[in-house]
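# starting from these lines, generate the structure:
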Amino acid sequence: MAARRGAAPVLAQRSNMTARGARLTSWTAGLPAASGEQRDCPAGTMSTLARGHDDVIRCMPL
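Numbers count the residues shown, from 1 in each chain. The predicted structure is shown next:
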């Protein structure tokens, strides 16, 4: 579509909403930065290697 002569350009404004209307937020949601240290798994779970990884541990229910 061609712009008309003399027409003012339309400037897009950046929004904090997605196309579906959901609000965009930071993925951290205000949480502190990760320490990079593995914690013990909670009661009722056991640590196991994540599928396809040799350096990622997941806590799985017993």
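# low-scoring stretches of the protein, by residue?
In the predicted model of the chain, residues 1-26 satisfy pLDDT under 70.
# in the protein, which spans are strands?
Taking DSSP state E to define them, one finds strands in the chain at 45-49, 57-61.
# mind putting these into a markdown table with mean neighbour count and distance to Leu31?
(Glycine included, C-beta is placed from N, CA and C.) Shown next, in a markdown table, are the strands of the chain (neighbours: other Cβ atoms under 10 Å; distance: least, Cβ to Cβ, whole Å):
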| stretch | mean neighbour count | distance to Leu31 |
| --- | --- | --- |
| strand 45-49 | 11 | 21 |
| strand 57-61 | 12 | 18 |
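# which of those strands sits closest to Pro32?
Among those, strand 57-61 comes nearest to Pro32, with 20.0 Å by Cβ to Cβ.
# that closest one vs strand 45-49, what angle?
Here strand 57-61 runs at an angle of 140 degrees relative to strand 45-49 (axes from the mean of the first three to the mean of the last three Cα atoms, to 10 degrees).
# Val56 touches Gln38, doesn't it?
No. Taking contacts as Cβ atoms under 8 Å, Val56 lies outside contact range of Gln38: 9.9 Å.
# which residues do these two both contact?
Here Val56 and Gln38 share no contacting residue, scored by Cβ atoms under 8 Å, 6 or more residues apart in numbering.
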